[in-house]
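>>> Structure for the following, please:
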Amino acid sequence: MAQRIGPTAKIWRDGALIDWADATLHVMSHVVHYGSGVFEGMRSYATPTGGAVFRLQDHMRRLKDSARIYQLDMKWSADDLCQATVDTLVANDLAQCYLRPLVIRTGEHMGIYAKDVQVETFIICWEWSEMLGHGAGGGAHACVSTWRRAAPNTFPAMAKASGNYLNAQLGKFESMRNGYDEAIVLDIDGHVAEGTGQNLFLIRDDTLFTSPISAGILHGITRDTIIQLAADNGLKIKEMVIPREMLYLADEAFFCGTAAEVTPVLSIDRFTLGDGKIGRITKMMREQFFAIVTGRAPDKHGWLTHVPVAAGAASR
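Residues are numbered from 1 along each chain as shown. Purely as a prediction, here's the structure:
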């Protein structure tokens with residue numbers, strides 16, 4: 001279900017904090033016609049000592065990598081963007097919110113070749129709740145999409161690019177139209193890739209399975225977090241080519257990502273996983289993830305960037 005976004009006070013645009021209503025583009029912007037943009041999704045969480053952005057440096061490094069792949073010439077360093085994120089949160093007095101850094105070609109230019117077209121960088125924040133059935137039922141019911149991920153020699157999946165999500169929209173619309181919460185997309189060879197905007201883990205016999213980067217998946221930062229948490233708990237992790245039928249044989253499964261956080265998958269193509277409730281390992285991963293991001297457990301990996309915003313600001 002799409003969620004309506006309420007405006008916040010300020011958006012960071014190439015070094016200046018401007019009013020939400022002023023963050024506009026011309027209809028002739030290159031990104032409008034050709035999808036020439038890359039972005040990140042991040043969250044800031046309210047902790048006992050104020051706001052904290054989860055894995056900020058890693059997200060900004062990936063944003064820079066995405067821009068490099070698509071030859072978007074950014075004038076901002078990763079450190080600049082980290083500081084701009086903190087400034088944006090402070091300007092909006094938000095401890096807990098979703099953050100969207102965005103790099104796009106905005107110049108009024110017609111034609112695919114975009115040499116010397118203006119590139120602008122934005123950082124946007126807003127209050128966004130959980131996704132994919134965290135509340136009712138405690139998890140998501142998924143189906144396998146008829147749409148496939150693009151082949152590796154077509155669209156580079158390691159770039160978190162705006163245009164890549166046209167493929168994701170097809171899978172999402174299909175799943176919702178057929179009465180599911182989410183779609184699982186296969187790669188070009190028919191092996192399991194990921195969700196429409198989330199990575200996927202399967203669990204069988206206390207081992208976590210996830211598809212390799214070569215399956216056309218995004219190199220997810222939450223995915224990497226789960227791999228590290230699983231290792232901390234002495235669990236086995238296998239990155240491997242996953243055949244479709246393994247989806248139906250899993251004891252547990254869950255999606256993970258900035259927006260989805262850690263969301264249990266209760267059924268796939270109407271095959272119930274386990275007893276149809278959140279599984280033991282999924283529950284452990286989810287509880288440990290939320291304990292770290294909300295400051296209730298030690299941040300031993302150094303994943304949190306604390307922001308001088310009061311914890312009480314989260315509800316404003």
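>>> residue contacts, the residue lying closest to residue 31 once chain neighbours are set aside?
Leaving out its chain neighbours, the residue that sits closest to residue 31 by Cβ to Cβ, 6 or more residues apart in numbering is residue 104, at 4.1 Å. Quick note: C-beta positions are derived from backbone N, CA and C, even for glycine. Counting by Cβ atoms under 8 Å, 6 or more residues apart in numbering, residue 104 makes contact with 25, 29, 30, 31, 36, 37, 38, 72, 119, 120, 122, 162.
>>> confidence score at the fourth one?
According to the prediction, residue 31 has pLDDT 97.
>>> and it, that's in a helix?
Yes. Looking at residue 31 with DSSP: H, G, I helix; E, B strand; the rest coil, it is inside a helix.
>>> how is this protein carved up into domains?
Domain segmentation of the chain under automatic domain parsing yields 10-128+308-315, 136-293.
>>> Adding distance to residue 300 as columns, could you present the ones you listed in CSV?
Shown next, in CSV, are those (distance: least, Cβ to Cβ, whole Å):
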stretch, distance to residue 300
domain 10-128+308-315, 14
domain 136-293, 8
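>>> circling back: helix or strand for the residue nearest to residue 31, which one?
Counting by DSSP states H and E, the element that carries residue 104 is strand 97-105.
>>> Helix or strand next in line after that strand, which one?
strand 119-126.
>>> That following strand - contacts with which helices or strands?
strand 10-13, helix 78-92, strand 97-105 (3 or more Cβ pairs under 8 Å, 6 or more residues apart in numbering; DSSP states H and E).
>>> any idea of the angle it forms with helix 78-92?
Relative orientation of strand 119-126 versus helix 78-92 (axes from the mean of the first three to the mean of the last three Cα atoms, to 10 degrees): 40 degrees.
>>> in the very next helix or strand once past strand 119-126, what counts as buried?
Note on strand 119-126: by DSSP H and E, the next helix or strand toward the C-terminus is strand 140-148. Using 16 or more other Cβ atoms under 10 Å as the test for burial, strand 140-148 gives 140, 141, 142, 143, 144, 145, 147, 148.
>>> Could you do stretch 204-217 as well?
Buried residues in stretch 204-217 (16+ other Cβ under 10 Å): 208, 209, 210, 211, 215, 216, 217.
>>> returning to that earlier point: report the inter-axis angle for the strand holding residue 104 versus helix 78-92.
130 degrees.
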